[in-house]
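Q: generate a structure from the sequence data that follows.
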Amino acid sequence: MIRLLFLLLLVPGLLLQQAKAEPDAGTRAMLAANNILGHARAEAAKGCANPSDVLVGILCAGQLHVGLRTYYPEFSVRDQQGQFHGYEPDIARHIAEFLGVAYDPVVVNPKNRIPMVADGHVDLVISTMGHSVQRAGEVHFSRPDYYISQTSIVGPNNSQAAKWTDFEGRTVCLPLGSNSNLDFVRHHVRILTFDRPEQLLDALRFNECRFIVQDDTFFADLLANPGWSAQFGIRFRFAPLPWGMAVARTGATQWASLLQELSMVFHARGVFLQIAEAHHLDLAFLREEQKKWSSNACVTADGAPIESCLLPPVDNRDASDDSPIKPYAVWLQTRLTEWTGMQVNLSALMQQSTFSLLQEGIAYSLALIIGTQFSTVLFALGLGYVTIFGPRPTRRAIGAATGLAQVTPLPLVMFFVYVLAGGIAAYSGLVALVAAILAIGLYNGSNAARAIDEAYSALLRGTASSARPAVAAGPPRFLQAVSLANVQIVAFLINAAKGSPAAGMIGVPEFLNVVTDLSANATDRIGVNLLLLIFYSGLVLIVIAVLGALRVRLVASGGLR
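A: Coordinates of the predicted model:
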């Protein structure tokens, strides 16, 4: 009995001692981080001539180069003295402190932050960068993520826009390189890009943009301002996006592993939470993450994270992401890079999501070219005939209208016709296409009609001054005038083909418009401009060839002189 009582008293004590001996999740992750750092320090002590890992290079240099943004309120802002303040610079300082090295902030922006870390110009990027599948192919993201956001569309409080269909055909202003920009292209929302987010606020304030787009975190401080929030508010939110710290995909294995352990430690011990609270950020996500990473259920005995506890990156690819022409696009991209010595990016042709949009743009462009050719001819013949044979008041009115069209820039003609079309029918890609065909046809047809009128006048003068019998007035002489003005008419038909890209300004989803919009999701301009050059040069050359062949046939048949 005494022995049994002794065992009953001993077992709880042993269990309590074992529980005390078992480290919590934060301690496990910290032990793993210290272990990685110890190995790297040992390598650095052996020599720094050729560091085996980015982490070893940081220790050898005694300096951590961190890419940060210059203006993203509460997250990263650089003052006039060049000092960085905010949630992300403070995270970088904590990491440098753990490593025992100096902290060196380096300015990055959405266009260059991935190339900067991928090429080794910075050791780490902490710059409000969303963790997506596409970006994870270019850089390595440290997990668990340090924050999360949603994309928000902000506009005047008196606006009723609250869903995707409400923005179709409207223009929104957004930052270049944003992960969500492609969503606007897919929903046929017209976009205008800005290099820096602070430019968006100026554009909204001075009514250059009715709607601007950025992460909801960007607007948190502004929405807390009574004056600002009385005028503007969030109209629509979408696309939750985790934010990750990024390092190079190659040569940074130890460095990536250390940051992963530190991220778990910073969550478990409330470091992220305390820094965010100091900068008045929304703490809901970080509180949930602290609970998660404080639990041994999410961390293995050796300090590794359990995969099911990690947030998945946003997958913005299609289910079948490879386009049918991807092998050919890869081959062409490789050859162009070799021939030009420049990095040419033709990824828009390789991904099904973007390739489908390009196909739509090509279809609209072909319809636009064919439509403008017919409308230019119809306007030229119709206006020319009325100018010559119509009643005097009509002739004067048409003459004044064609003269005005000759001196008015095409974009203004385009916009005027678009406004008229918008008053008759609700906006759609088809309405914009018809408006563009009419505008371009009117602009070039007016000029061609003037050429026909001048040719007719020349015929009259020539008949009066010669001994040849006069040609009967009416259609025969009109056809003669058309024949005499054939060179100018062909020139204006070619001009109509060259002017077709202007249709993008009124929302026609043609090739220029689509490719320009797609470039807002990336930073490469060479591939974009190359696609545009090839496509539009090819179209115009085809129009010139077809018109040339028709002219030869008409001359051979006697239709032109």
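Q: so where's the longest helix in the protein?
A: For the chain, the longest helix by residue count, based on DSSP state H, is helix 352-389.
Q: average pLDDT for it, rounded please.
A: Averaging pLDDT along helix 352-389 gives 89.
Q: show me the contacts for residue 384.
A: Listed by Cβ atoms under 8 Å, 6 or more residues apart in numbering, the contact set of residue 384 reads 448-449, 452-453, 456, 478, 481-482. Bear in mind the C-beta positions are built from the backbone N, C-alpha and C, glycine included.
Q: the residues you listed in helices, which ones?
A: Counting by DSSP H, the contacts of residue 384 place 448-449, 452-453, 456, 478, 481-482 in helices.
Q: could you dump those residues to a markdown table with distance to residue 377 and neighbour count?
A: Below are the ones in helices among the contacts of residue 384 laid out as a markdown table (distance: Cβ to Cβ, whole Å; neighbours: other Cβ atoms under 10 Å):
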| residue | distance to residue 377 | neighbour count |
| --- | --- | --- |
| 448 | 8 | 29 |
| 449 | 11 | 30 |
| 452 | 11 | 25 |
| 453 | 16 | 21 |
| 456 | 17 | 23 |
| 478 | 14 | 19 |
| 481 | 15 | 23 |
| 482 | 10 | 21 |
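Q: what's residue 106 sitting at in phi/psi?
A: Backbone geometry at residue 106, expressed as degrees, to the nearest 10, gives phi -130, psi 130.
Q: over to residue 492?
A: Main-chain torsions, residue 492, degrees, to the nearest 10: phi -70, psi -30.
Q: ok, it to residue 443 distance?
A: Counting by Cβ to Cβ, to the nearest Å, the gap from residue 492 to residue 443 is 9 Å.
Q: do the same with residue 102
A: According to Cβ to Cβ, residue 102 and residue 443 sit 62 Å apart.
Q: tell me, how many residues neighbour residue 198?
A: Residues lying near residue 198 (other Cβ atoms under 10 Å) number 15.
Q: that one against residue 78, yeah?
A: No: assessed by Cβ atoms under 8 Å, residue 198 is found out of contact with residue 78, at 11.5 Å.
Q: list residues touching both of these two?
A: Common contact partners of residue 198 and residue 78 (Cβ under 8 Å, 6+ apart): residue 71.
Q: where exactly do the helices run in the stretch 401-550 of the chain?
A: Remark: helices assigned in the stretch 401-550 of the chain by DSSP state H, counting those that start in this stretch are 410-424, 429-464, 475-484, 486-498, 511-519, 526-557.
Q: closest one to residue 131 among the ones you listed?
A: Counting by Cβ to Cβ, residue 131 lies closest to helix 511-519 out of the helices of the stretch 401-550 of the chain; the figure is 21.4 Å.
Q: hmm, who's touching that closest one?
A: By Cβ under 8 Å, 6+ apart, helix 511-519 touches 181-182, 184-185, 190-191, 348, 354, 357-358, 360-362, 364-365, 501, 503-504, 507, 525, 528, 531-532, 535-536.
Q: swap the cut-off to 6 Å and go again
A: With Cβ atoms under 6 Å, 6 or more residues apart in numbering as the test, helix 511-519 has contacts from 185, 191, 348, 354, 357-358, 361-362, 365, 501, 504, 528, 531-532, 535.
Q: which of those residues are buried, as a PyMOL select command?
A: In PyMOL syntax, the buried subset of the contacts of helix 511-519 is picked out as below (16 or more other Cβ atoms under 10 Å):
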select buried, resi 185+191+348+354+357+358+361+365+501+504+528+531+532+535
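Q: low-confidence stretches in the chain?
A: 1-22, 179, 316-320, 427, 462-475, 520-527, 555-561 (pLDDT under 70).
Q: residue 492 and residue 443: which is more packed in?
A: Legend: neighbour count by other Cβ under 10 Å for residue 492 and residue 443, higher for residue 443 (28 against 24).
Q: touching, that one and residue 412? I think so.
A: No: with contacts counted by Cβ atoms under 6 Å, residue 443 stays clear of residue 412, the gap being 9.6 Å.
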